[in-house]
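Asker: Dropping the sequence and predicted coords here.
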Amino acid sequence: MPLNQILDKFADTLPFDIYWQIKIVATGETLGRGERTVLPSASVRKISVLMAALRAVHEGRLDLSAPVTIRAEMQEGILSGVCQYMTPGLVIPMRDAMLQMIITSDNICTYEVMKDLEVEEFTDYCLRIGMVDTVHRTRLPPVGLAADHPLEAVTTTTASDQVHLLDLILRGCDDTAAADQLMVTPELCRMAMQFLTWQRYHNMIPALLPLGTMVANKTGWGQRGWMDAGIVFRDGKPLYIVSATTDQVPDTMADGLPGQAAATHAIARLSRACWDCLA
């Protein structure tokens, strides 16, 4: 059975929505289900935040060595990352703030990366590189939103936009033209790729892959669902790029287990199906 049919059949069994796009690197073929559906991005937005910030580095507007101070007033109400637990006054370089934004999804660091740039610049950057359905709206994610919150309350994106971005980063590591499209250098693309491979959260795209499989990914979660976007490698070569988002996930499933567990496992199973069909 073709991969897209396998994935569609699986999705039809789920009691919540799941949307994805997959790009097979060797052939360039893309498969999808609702891949242009605009959905909350949650922390997956931070891939484009990283690349827009690296563009500012390339243009001399941000400095990777500039000091970033973890301030006590920034630590209240932060829901992800590690810096909210650190001793106030800790100083790290901007490079490490970008790193923590990706690998632990640290929201203090995300704010520090974004604070000297207008939020609209991140949306404009996405539009200029071909992410036509992505809109950045905040530096810090709003708290206390209901599960049925409107899309306009948060940053939004699509699976196809995330695959497009990851594909550009991947190609930009060795292709100056692709790096130029991102308005950075191949060296900065390689830095971004390295950060993504150091991801600390492995409960979605990598979860059911063979131990030690290299994956460059960024996860996210919000009031409506869970999501992950990444590149899966086999024998050191990129095999497929995938972005998957669940939506309208209930807090508790019919069997009494948390909706989070079902949503993250669904994305893991989707990734494993790709691995089995393509590896």
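Answerer: Right, received. Where do you want to start? Note that the structure is a prediction, hence the values are computed from the model and not measured.

Asker: Return the distance of stretch 214-227 from the chain's centre.
Answerer: Between the centre of stretch 214-227 and the centre of its host chain there is 6 Å, according to CA atoms, centre = their mean, to the nearest Å.

Asker: How about stretch 180-195?
Answerer: Relative to its parent chain, stretch 180-195 has a centroid offset of 16 Å by CA atoms, centre = their mean.

Asker: Run through who's touching it.
Answerer: Applying CB atoms under 8 Å, 6 or more residues apart in numbering, the external contacts of stretch 180-195 come out as 47, 50-51, 54-55, 57-59, 98-99, 102-103, 125, 128-130, 168-170, 172-176, 178-179, 216. In this view, the C-beta of every residue, glycine as well, is placed from N, C-alpha and C.

Asker: For it, give the mean pLDDT please.
Answerer: Taken as a whole, stretch 180-195 has an average pLDDT of 98.

Asker: Show me what counts as buried in it.
Answerer: Neighbour-count burial for stretch 180-195, counted by 16 or more other CB atoms under 10 Å, picks out Leu182, Met183, Val184, Thr185, Pro186, Leu188, Cys189, Met191, Ala192, Met193, Phe195.

Asker: Could you look up the SS state of the third one?
Answerer: Meaning Val184. coil (DSSP: H, G, I helix; E, B strand; the rest coil).

Asker: Hmm, Ala266 is touching Asp17, no?
Answerer: No - if you go by CB atoms under 8 Å, Ala266 and Asp17 don't touch, sitting 10.3 Å apart.

Asker: overlap in contacts of these two?
Answerer: Counting by CB under 8 Å, 6+ apart, the contacts common to Ala266 and Asp17 are Thr246.

Asker: ok, these two, which is more surrounded?
Answerer: In terms of neighbours (other CB atoms under 10 Å), Ala266 is the more surrounded of Ala266 and Asp17; the figures are 22 against 17.

Asker: Next up, the contacts around the more buried one.
Answerer: Residues near Ala266 by CB under 8 Å, 6+ apart: Phe10, Leu14, Phe16, Ile18, Thr246.

Asker: Just the buried subset of the contacts of stretch 180-195, please.
Answerer: Buried positions within the contacts of stretch 180-195, assessed by neighbour count (16+ other CB under 10 Å), are 47, 50-51, 54-55, 57-58, 98-99, 102-103, 125, 129, 168-170, 172-173, 178-179, 216.

Asker: Just give me the longest strand of the chain.
Answerer: Criterion DSSP state E: the longest strand present in the chain is strand 237-247.

Asker: re the thing from before, which one among the contacts of Ala266 gets closest to Leu208?
Answerer: Leu208 lies nearest to Phe10 out of the contacts of Ala266, by CB to CB, at 12.8 Å.

Asker: Quick check: that closest one touching Ser271?
Answerer: No - Phe10 is beyond contact range of Ser271, at 11.5 Å (criterion: CB under 8 Å).

Asker: ok so, going back, which one of the buried residues of stretch 180-195 is nearest Met74?
Answerer: Nearest to Met74 out of the buried residues of stretch 180-195 is Phe195 (CB to CB; 21.5 Å).

Asker: Check the secondary structure at the closest one for me.
Answerer: Per three-state DSSP, the secondary structure class of Phe195 is helix.

Asker: Now do it against Asp148, distance only.
Answerer: Plainly put, Phe195 is 34 Å away from Asp148 if you go by CB to CB, to the nearest Å.

Asker: where does Gly230 land in three-state SS?
Answerer: Of the three states, Gly230 takes strand under three-state DSSP.

Asker: what's the helix or strand for the residue nearest to it when sequence neighbours are not counted?
Answerer: Distance criterion CB to CB, 6 or more residues apart in numbering; nearest residue to Gly230, sequence neighbours excluded, is Asn217 at 2.6 Å. Secondary structure assigned from DSSP states H and E places Asn217 in strand 215-221.

Asker: for that strand, packing partners?
Answerer: In this structure, strand 215-221 packs against helix 46-58, helix 186-197, strand 226-234, with contacts taken as 3 or more CB pairs under 8 Å, 6 or more residues apart in numbering; DSSP states H and E.
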